[in-house]
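>>> Next input, structure requested:
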Amino acid sequence: MLKIYTHPTGYKQLPEGEPLVSLDPTTFKTFTIPHPDFERIKKVLINRDSCLKILSESGIVYIHDENRFKCSYLLDTKSSNENLIIDDISTFSEGSTLYLARDSESNHTFLYGSGTTTYDCFGDRKLRNLQDRNGTEKFTLLYTPQVDENGHRPQITHIASCHSFKIMVLDHREIRISGQNWVNSSKEMNWNESQFVCEKKIKNITCGSFQFMVIFEDDSVMFCGDNQTNQMPHHTHGRLHFTVDDDLKIMESFGGYDSSVVRFAHTPKTPESYKIYGETLIRFENLKEFLKNYPIFTVSNENDFTQIRYLKKFFVIEFQKGLFYFMSNDHTVGFTVDMSTEFHNMYSNHYEVVALSNTIVFYKTNSKECAIYPELHCCMRNKLLTDCDFDFI
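Below you'll find the model as predicted:
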């Protein structure tokens, strides 16, 4: 059962010199979504208008849209096939979402979509609006892998989203793209066209607005899409057409709108090792240089962090016991959130964080007491607008 606590909207000015954000849970209003199969949170995503997509470990999707349509509901994924479970979801800053669905009996995979797109990200111009008038999203089949001449039916293994195009991978190697053509392809950009077949298995894909990096299982990389302003660690400017670099090894990668942050192989997890790319951040060589803009972050803190993330435009540094420090790449936001107090004093450094625009979401997946805090708006330094808490009971 998913229990939601929503903090009333309103400004909250923090005391001068006090960086900690701690919200009073007694001010939350509460409502409950009863569903016995919705157990732990597996993944949370945000798209435009701060619409949240919450995937459970049992393969159910819950949508929380408090800003635009003022509605919250479980996505209907069972009407076409009661055996369908959702393995993964993907969205970026546009209003379209991809779902990697699997039949629990046959183990066959399918590509579904919901929401709206202006860039044909769903593979067909007739499928630009997968949404009812009341704002409820329509769970719609986009692509079914077909059995080839050898009797093999491919499996969808990865899905990923840039702003104006989306990516699907078959059998860990074959890349297909629907939407705008930012990879200089001579083929149609839809789910029926194979754009590129990799020699090595794909481990993950890191997306920016119009560019993406494919990380292979041996940590080598392939660059694709727009690199006009050095958004990626590759020397070629302009649009890259599936450019493989077998010598470059990447351990961690994060995609921003027009930027990326990477940590190369065989480097320690220190601020100097997180290299920064992109026009808005090009004056900084690495995270340590960037942190000089934030005097609160002292040198002594460098040995205390457990994880670093770059989420669209936020650098997120997680310290021991759930203390997070946020910095935006335009320097308009700088604040600290003590999640150890928000999560009922459960001290741990295993929190997940996602962010888009001024919305930041916290959630926890390694406990039965999962929680998430969306709508943590910070439109100005040390000003808090709203907060929500999702908890399982």
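
>>> Can you name the helix or strand that L141 falls in?
Secondary-structure assignment from DSSP states H and E places L141 in strand 140-143.

>>> Buried residues, that strand. List them.
Across strand 140-143, burial judged by 16 or more other Cβ atoms under 10 Å covers T140, L142, Y143. From N, CA and C alone the C-beta is placed, and that goes for glycine too.

>>> now, which of those residues sits nearest F92?
Compare each of those with F92 using Cβ to Cβ and the shortest gap goes to L142, at 16.4 Å.

>>> average pLDDT across the top strand by length along the chain?
Ranked by residue count under DSSP state E, the longest strand found in the chain is strand 239-255. Over the span of strand 239-255, the pLDDT mean works out to 95.

>>> Stretch 141-161 too?
Mean pLDDT, taken over the full extent of stretch 141-161, equals 96.

>>> Could I get the buried residue list for it?
L142, Y143, P145, P154, I156, T157, H158, I159, A160, S161.

>>> Spatially, which two of those are the most separated?
When the buried residues of stretch 141-161 are compared pair by pair using Cβ to Cβ, the two farthest from each other are P154 and S161, 20.3 Å apart.

>>> and the direction of the helix or strand following the strand holding L141 versus that of strand 239-255, what angle?
Sequence-wise, the next helix or strand downstream of strand 140-143 (DSSP H and E) is strand 156-161. An angle of 90 degrees separates the directions of strand 156-161 and strand 239-255 when computed by axes from the mean of the first three to the mean of the last three Cα atoms, to 10 degrees.

>>> Which strands or helices does strand 156-161 pack on?
Secondary-structure packing of strand 156-161 (3 or more Cβ pairs under 8 Å, 6 or more residues apart in numbering; DSSP states H and E): strand 84-91, strand 96-103, strand 109-116, strand 165-170, strand 202-207.

>>> In JSON lines: the ones you listed, plus mean neighbour count.
Converted to JSON lines, those look like this (neighbours: other Cβ atoms under 10 Å):
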{"stretch": "strand 84-91", "mean neighbour count": "20"}
{"stretch": "strand 96-103", "mean neighbour count": "24"}
{"stretch": "strand 109-116", "mean neighbour count": "23"}
{"stretch": "strand 165-170", "mean neighbour count": "25"}
{"stretch": "strand 202-207", "mean neighbour count": "19"}
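
>>> now those strands in CSV, with mean pLDDT and distance to S328?
Written out in CSV, the entries for these read as follows (pLDDT from 0 to 100; distance: least, Cβ to Cβ, whole Å):
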stretch, mean pLDDT, distance to S328
strand 84-91, 96, 21
strand 96-103, 96, 25
strand 109-116, 95, 26
strand 165-170, 97, 26
strand 202-207, 97, 19
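
>>> Adding distance to V244, write those strands out as CSV.
CSV is the format used below for those (distance: least, Cβ to Cβ, whole Å):
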stretch, distance to V244
strand 84-91, 23
strand 96-103, 24
strand 109-116, 25
strand 165-170, 15
strand 202-207, 12
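
>>> So which of those strands is nearest R239?
With Cβ to Cβ, the closest approach to R239 among those belongs to strand 165-170: 12.3 Å.

>>> hey, what's V169 bridged with?
Beta-bridge pairing of V169, defined through DSSP bridges, involves H158, I175.

>>> G123: neighbour count?
When neighbours are defined as other Cβ atoms under 10 Å, G123 has 24 of them.

>>> any idea how far it lies from D226?
Between G123 and D226 the distance is 21 Å, computed by Cβ to Cβ, to the nearest Å.

>>> same check, this time on S260
From S260 over to D226 the distance is 11 Å, taken as Cβ to Cβ.

>>> These two: which has the busier surroundings?
Neighbour comparison, S260 and D226: the larger count goes to S260, with 26 against 20 (by other Cβ under 10 Å).

>>> tell me which element the more buried one falls in.
strand 259-264.

>>> Report the inter-axis angle for that strand versus strand 202-207.
With the same axes, to 10 degrees as the basis, strand 259-264 and strand 202-207 are set at 150 degrees to each other.

>>> Tell me the helices and strands packed up against strand 259-264.
When contacts are defined as 3+ Cβ pairs under 8 Å, 6+ apart, strand 259-264 packs onto strand 211-216, strand 239-255, strand 274-278.

>>> quick one: contacts of the first one?
It stands for strand 211-216. Judged by Cβ atoms under 8 Å, 6 or more residues apart in numbering, the contacts made with strand 211-216 from elsewhere in the structure are 160, 162, 167, 175, 182, 198, 200-206, 221-227, 231-232, 240, 250, 253, 255, 260, 262.

>>> Quick one: the buried residues of strand 140-143 as a markdown table, columns for distance to I85 too.
Written out in a markdown table, the entries for those read as follows (distance: Cβ to Cβ, whole Å):
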| residue | distance to I85 |
| --- | --- |
| T140 | 17 |
| L142 | 17 |
| Y143 | 17 |
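
>>> Among those, which one sits closest to H108?
When the buried residues of strand 140-143 are compared for distance to H108 (Cβ to Cβ), Y143 wins out at 12.1 Å.

>>> buried sites along stretch 42-53?
For stretch 42-53, burial by neighbour count (16+ other Cβ under 10 Å) applies to K42, K43, V44, L45, I46, N47, R48, S50, C51, L52, K53.

>>> Nice, that's everything, thank you.
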